[in-house]
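Asker: any chance you can model this:
(2 chains)
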Amino acid sequence: MPFSFSVIVEAWPTFQAGLITTAIFCCAASVLGLLLAVPIALAHFSRSWAARVPAAVLVEIVRDTPFLVQVFVIYFVLPVVGVPMSSTAAGILALTIHGAVYFSESMRGAILSVPKGQVDAARASGMSYPLTMRRIVFPQMMGYVLPPISNQLVGLIKDSAVLSIISVPELSMAFQNVLGTTFAAPEAFVAVAVLYWLLTSAVTLMMSRLERLTPTHRSAQEMTSLLAKADR
Amino acid sequence: MTFEWKYVDHALPFLLEGTLITVAVSLLAVALGLLVGILVVLGRQSRFRALRAFIAGYISIVRGTPLFIQILIVYYALPGLGLDLPRFESGVIALSLNSGAYISEMIRGGLMAIPKGQLDAARAVGMPNRLIWRRITLPQVLVLILPPLTMEFTGLLKSSALLSVIGIVELTRRAQEVIGETLRSPEVWLATAALYFIMCFTLGTVTRRLEKAAAVYRL
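Answerer: Okay, the predicted model is just below:
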């Protein structure tokens, strides 16, 4: 059976719809996940166990169970205990929680990479905790946090393929539909692989642009020249 | 609907059966993945450009597409190419091909951690390349990659849940079957999640121990 591009062209509307759904789900889940990740990461450094323990428990549970099982728990168990769930809501919720936990772990690592002495110094000179975070910790952790988050965003896009199992009409669902109607396996696979590759490359490219804007990324050479100037 | 322990009790023997398959599939996949990883690392140093290009393509396909799609492809597309495999085998192959790509990166990292002076010394005393690989490089690399390899195994325990889609009766599929019969999804899903949790959490602790041990070895 020769490879025919016409199969892909004919199935394009299906793929396009799937691509858009995947993009929307991933955008929503990454924005919500990043927002949710900040309090989870900060809770790890809290002095009160009432913040530390729930954060640690959530992180361990999400990291030590399969994403598919998390999706099933959210989609099938929550409605039984009284929380109604559509496949869209369940899909975005599952991706968001999963993403938030992994994002929070990279944020935690990045916060740890800022020397503790700096925080102590800022606090000692009378800066409040939020101000210390905003002025001292956050700007410096950016360079450490963006590369792992870029990887995790790519992971999020790949994980979202699982959502077709709870009948979210995303890209891998489109792939299965095309496979089911045309039986053209190589063509469908090439199309879906290229589309996922485009999505993940777009994210990687965007994140590396963002990395170049962060202060820490510039620091290596620029800071030395700045310090040299300051010495004179 | 209240949570009733008797349904957990009822489901547990079935779920444990599924757990056995999950562990077996993951063990097979990590072992074959290690083999694939070693072959990939060796192939990358090959003189043949076609082989290197093929390996680069394989790695970027594995890393750039969802595992879920890879599993479907191995299961549905390979029969079209004349390779009709039973589900279990095609599931194991999909997982091994996937983790082989990641394991090859671990091996590369491990290789770089070995001081170059050792290789020079081995060459200086007249050891042939093959012997250096077998006596000097490989034993050290295997120790160095043991922690990331256990982590990969933990990852496989989790991602093997996707094999339920092609009908391999591992833990997740078993759970679905039990629910189909008892219609008690909260008890069964929470028990299933707990089983995965126990396995992965324990392995996570083991990984941290191994990391400490390997760090000593590195010095």
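Asker: SS state for A:P169?
Answerer: Three-state assignment for A:P169 (DSSP: H, G, I helix; E, B strand; the rest coil): coil.
Asker: what's the pLDDT at the nearest residue to B:L195 once chain neighbours are set aside?
Answerer: Distances taken as C-beta to C-beta, 6 or more residues apart in numbering or on different chains put B:T19 closest to B:L195, at 5.5 Å, once the chain neighbours are dropped. Where C-beta positions appear, they are placed from N, C-alpha and C, glycine not excepted. pLDDT, B:T19: 96.
Asker: over to A:Q221?
Answerer: 53.
Asker: for chain A, what lies in contact range of chain B?
Answerer: A:1, A:60-61, A:63-70, A:72-73, A:76-77, A:80-81, A:157-162, A:164-165, A:172, A:175-176, A:179, A:185-186, A:189, A:192-193, A:196-197, A:200-201 (C-beta under 8 Å from any C-beta of the partner chain).
Asker: and the residue nearest to B:L195, which of the three is it?
Answerer: Following three-state DSSP, we place B:T19 in the helix state.
Asker: just checking, it touches B:L171?
Answerer: Yes - contact criterion C-beta atoms under 8 Å: B:T19 and B:L171 qualify, at 5.1 Å.
Asker: now do the shared contacts for the two.
Answerer: Jointly contacting B:T19 and B:L171 under the rule C-beta atoms under 8 Å, 6 or more residues apart in numbering or on different chains are B:L195.
Asker: tell me which of the two has more neighbours.
Answerer: Shown here are B:T19 and B:L171; by other C-beta atoms under 10 Å in any protein chain shown, B:L171 has more neighbours (30 against 20).
Asker: measure the more buried one to B:I198 for me?
Answerer: According to C-beta to C-beta, to the nearest Å, B:L171 stands 11 Å off from B:I198.
Asker: neighbours of B:G57, how many?
Answerer: Neighbourhood size, B:G57 [other C-beta under 10 Å]: 10.
Asker: could you do B:V125 as well?
Answerer: 7.
Asker: same question for B:P115.
Answerer: Applying other C-beta under 10 Å, we find 9 residues neighbouring B:P115.
Asker: so for it, what's the pLDDT?
Answerer: For B:P115, the predicted pLDDT is 89.
Asker: give me the phi and psi for it.
Answerer: phi -60, psi 140 (degrees, to the nearest 10).
Asker: A:F45 too?
Answerer: Here is the backbone geometry of A:F45 (degrees, to the nearest 10): phi -100, psi 0.
Asker: helix, strand, or coil at the closest residue to it other than its chain neighbours?
Answerer: In space, and not counting its chain neighbours, A:F45 is closest to A:I111: 6.8 Å by C-beta to C-beta, 6+ apart. When classified by three-state DSSP, A:I111 comes out as helix.
Asker: and A:I111, how far from B:V141?
Answerer: A:I111 is 33 Å from B:V141, by C-beta to C-beta.
Asker: just B:I107 next, same as before
Answerer: 6 Å.
Asker: quickly find the element holding the most centrally placed residue in chain B.
Answerer: When C-alpha atoms, centre = their mean is applied to chain B, the residue found nearest the centroid is B:V30 (3.8 Å). Using DSSP states H and E, B:V30 sits within helix B:5-44.
Asker: what mean pLDDT does whichever helix or strand comes after that helix have?
Answerer: Note on helix B:5-44: by DSSP H and E, the next helix or strand toward the C-terminus is helix B:49-64. Across helix B:49-64, pLDDT averages out at 92.
Asker: show me what helix B:49-64 is packed against.
Answerer: Packing partners of helix B:49-64 (3 or more C-beta pairs under 8 Å, 6 or more residues apart in numbering or on different chains; DSSP states H and E): helix A:185-213, helix B:5-44, helix B:87-113.
Asker: and the contacts of whichever helix or strand comes after the shortest one?
Answerer: Read in the C-terminal direction, the helix or strand following helix B:87-113 is helix B:116-124, with elements assigned using DSSP H and E. Counting contacts by C-beta under 8 Å, 6+ apart, the residues outside helix B:116-124 that touch it are B:131-132, B:135-137.
Asker: buried sites along helix B:116-124?
Answerer: Residues B:119, B:122 are the ones in helix B:116-124 that count as buried (16 or more other C-beta atoms under 10 Å in any protein chain shown).
Asker: before we move on, what about stretch B:33-52?
Answerer: Buried residues in stretch B:33-52 (16+ other C-beta under 10 Å): B:33-34, B:36-38, B:40-41, B:43.
Asker: starting at the chain centroid, how far to the helix or strand where A:Q16 lies?
Answerer: If you go by DSSP H and E, A:Q16 is part of helix A:5-43. Helix A:5-43 sits 11 Å away from the centroid of its parent chain (C-alpha atoms, centre = their mean, to the nearest Å).
Asker: by contact count, what packs against it?
Answerer: Using 3+ C-beta pairs under 8 Å, 6+ apart, helix A:5-43 sits against helix A:49-63, helix A:87-113, helix A:138-159, helix A:171-182, helix A:185-213.
Asker: compute the inter-axis angle for it and helix A:171-182.
Answerer: Inter-element angle recorded for helix A:5-43 and helix A:171-182: 160 degrees (by axes from the mean of the first three to the mean of the last three C-alpha atoms, to 10 degrees).
Asker: what angle sits between helix A:5-43 and helix A:87-113?
Answerer: Using the same axes, to 10 degrees: helix A:5-43 against helix A:87-113 is 50 degrees.
Asker: looking at chain A, which helix or strand does the model trust least?
Answerer: Of all the helices and strands that make up chain A, helix A:215-231 has the lowest average by mean pLDDT, DSSP states H and E, namely a mean of 58.
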